[in-house]
Every structure is written in structure tokens, then in C-alpha cells.
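*Asks:* okay, sequence plus prediction incoming.
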Amino acid sequence: MGAALADPQPTLAQAKAKLEKLNDKADKVVDRYNTATERYKKAKGTYSSLDTSYKRKLATVADLRAQVVGMAVDSYKLGEDITSWPGIFGSNDPQGRLSGLAVAGQLSQERLQKLAAFDRENRGLKIERDKAQKALKAADKERDAVQKERSEILKLIAQQKKLLKKLGAYNPGNPNSTGIKYTGPASGSAAAVLRFAYAQVGKPYVFGGTGPGGYDCSGLTQAAWRAAGVSLPRTTWQQWAWGQSRRVSLDALQPGDLIFSEGLGHVSIYAGNGQIVHAPQTGDVVKVVKLSAYGRNLVGAIRP
């Protein structure tokens with residue numbers, strides 16, 4: 001029986017075609033991962049805010065309760081009739097409770113206002129607590145979704161790295177790269193954006209990366225425009241939606257414009273003179289290339 005034949009090695013063209021498909025798929029999965037992460041952060045933030053409010057209200061109620069006890073003690077010392085207080089506080093009707101107190105102890109308006117505040121805070125506690133519990137459940141679901149997305153991404157990245165190394169094209173990049181100087185035609189805010197982006201050239205593509213040691217595509221665009229004082233959302237889909245009223249034609253691009261491609265799976269920054277600066281994909285680095293050389297399946301552009 002003859003020796004088993006080894007699997008034939010793919011040609012360079014076949015390997016590049018496979019890599020391109022992997023990159024496109026990874027772009028979409030990375031964006032879903034980033035979107036899930038942002039939703040998780042938002043849900044956790046909502047929960048934290050409600051939880052803080054809940055604890056603050058608990059402290060307020062405790063303080064108001066102490067004031068009510070103090071009023072009862074004062075009334076006793078002054079000889080007021082407080083025999084009906086236990087029954088009044090046992091009532092489930094806040095308004096009836098206040099009316100009973102007014103009759104029983106002839107409470108001052110100030111005391112009535114304090115007791116009214118007591119009841120408002122007490123009634124609001126359950127509502128706030130329920131909101132916090134719902135937010136926590138939502139955060140837990142988002143966390144589960146993120147973990148599933150992360151698992152899928154890690155598998156894709158492993159495939160990409162393996163193929164890139166076979167091709168001798170894997171570039172780990174340098175997280176401490178100081179980049180290159182921008183000398184293009186941009187001015188104003190766009191110039192600040194591109195100076196920042198060019199300073200990141202040579203740093204590795206990192207899925208979910210927002211700098212400073214590495215970036216994914218939307219992490220780079222977000223950080224670059226932040227350097228110019230503009231706050232962009234985190235993911236490509238969110239950035240595209242954010243720029244709905246800022247769309248520009250692809251044949252009227254200006255430096256600083258964001259170019260979306262590959263079904264909104266990728267975003268880059270137009271640098272002028274037909275060039276873009278972007279974080280391409282796993283195994284590559286932030287780089288400057290000709291738009292014509294990378295612009296696959298262009299969707300559109302926005303001007304922040």
C-alpha cells in the first residue's frame with residue numbers, strides 16, 4: 001500500500017482569496033462583538049446608576065424614619081396624645097396615615113411635609129429596585145452574548161494567523177510605533193484627525209482595540225476623531241447610523257471623511273490624494289494605502 005499523499009498546498013492566489021473571505025467574515029463578527037460589548041457597558045451603567053439611586057433612597061428613608069421617631073418622642077415629652085400612633089403607622093394608606101397623625105397629634109405643617117416625603121421615598125423604592133433588577137438581567141444577557149461572540153472571533157483569528165504565517169505575510173506590528181508624519185492636504189479638524197491616525201501607523205490590528213497599543217478599524221476612527229474633539233460611537237454600524245445626516249458622495253471625498261466598505265464591516269479615514277489610513281485586519285498593522293487598492297465593496301462615506 002502506497003504512502004498517503006500530503007494535502008496539496010494552496011496556490012498563492014487561492015490562499016489570498018481564502019484570506020480575503022476570512023477577513024470579511026472577521027470584520028462582521030468583530031463589529032457584532034463590539035456592538036454587544038457597547039450594549040453590555042450601557043446596561044451595566046444603567047444598573048449601576050439605579051443601584052446607586054436605590055441605596056441613596058434607602059439612606060433617605062432611614063433618615064426620615066429617624067425623624068418620625070424623633071417627632072413621636074418629642075410629642076410624648078410635650079404630653080401630646082400619641083396613643084393612636086401605632087395603629088396609624090400600621091395603615092397601608094399613606095394619605096390616611098397622614099390624616100390620622102394630624103388629628104392624633106395636631107402635627108405642624110413641617111412635620112406633615114417630612115412624613116409626606118417619607119411616603120414618597122418609600123413608594124419610589126420598589127419602582128427603582130425593579131428597574132435596577134431588570135437592568136441587571138439585561139446586563140447578564142449581554143455578557144453571555146459577548147462571550148459567544150468572543151469565542152467565534154478567537155477561532156477566526158486563529159485561522160487567519162495560521163494562513164498568514166503560511167504565506168509569510170503575518171505582521172505582528174509594534175504597539176509602541178510612533179507612526180509617520182502626515183503631510184497631506186487636510187486642514188482644521190481633519191488635519192488633527194489625520195495627524196493622530198498617521199502617528200498610529202505600524203501599530204497592530206487588534207480586534208476590539210481602541211488604543212493606544214493597537215486598534216480595530218472603528219477603534220482607530222473613533223480615537224482619531226476624538227483627537228479633534230468629536231465623539232463618535234464605537235462600532236462601524238453605530239458610526240454609520242450616527243452620520244446619517246452627514247453622508248457625502250464617494251466622488252466628493254475630503255480628508256478626514258470616513259469611508260465604509262464591505263457591508264459596513266469596515267471603516268477607514270480618507271487622507272486625501274486617493275489614499276486612506278486604516279486598521280485592516282488581524283495579522284496586519286495600521287497603514288496608509290491607496291483607496292483603489294483596498295476599496296472593496298464601498299458602501300458610502302460620512303463627514304463628521
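*Replies:* Noted; the coordinates are in hand. Numbering: from 1, shown residues only.

*Asks:* switch to C-alpha atoms for all contacts and neighbour counts from now on
*Replies:* Fine.

*Asks:* centroid-nearest residue for this protein?
*Replies:* Nearest to the mean C-alpha position of the chain, by C-alpha atoms, centre = their mean, lies Glu38 at 2.7 Å.

*Asks:* how far away is that residue from Gly173?
*Replies:* Counting by C-alpha to C-alpha, to the nearest Å, the gap from Glu38 to Gly173 is 26 Å.

*Asks:* thinking again about what came up before, element containing the residue nearest to the centre of the chain?
*Replies:* Using DSSP states H and E, Glu38 sits in helix 12-77.

*Asks:* who are the packing partners of that helix?
*Replies:* Contacts defined by 3 or more C-alpha pairs under 8 Å, 6 or more residues apart in numbering; DSSP states H and E place helix 12-77 against helix 109-167.

*Asks:* contacts for whichever helix or strand comes after the helix it packs on, please.
*Replies:* Using DSSP H and E, the next helix or strand after helix 109-167 towards the C-terminus is helix 188-199. With contacts defined as C-alpha atoms under 8 Å, 6 or more residues apart in numbering, helix 188-199 is touched by 177-182, 186, 220-221, 224-228, 255-256, 269, 271, 277-278, 287-288.

*Asks:* can you tell me which of the residues you listed are buried?
*Replies:* Buried members of the contacts of helix 188-199, scored by 16 or more other C-alpha atoms under 10 Å, are 177, 179-180, 182, 186, 220-221, 224-225, 227-228, 255-256, 269, 271, 277-278, 287-288.

*Asks:* these in helices, which ones?
*Replies:* Among those, DSSP state H puts Leu220, Thr221, Ala224, Trp225 in helices.

*Asks:* which one of those is nearest Tyr205?
*Replies:* Leu220 (9.5 Å; C-alpha to C-alpha).

*Asks:* do I have it right that the closest one meets Pro280?
*Replies:* No - counting by C-alpha atoms under 8 Å, Leu220 stays clear of Pro280, with 10.4 Å between them.

*Asks:* which residues of this protein score low on pLDDT?
*Replies:* Counting by pLDDT under 70, the ranges of the chain that qualify are 1-10, 12, 65, 68-69, 71-112, 114-115, 118-119, 122, 295.
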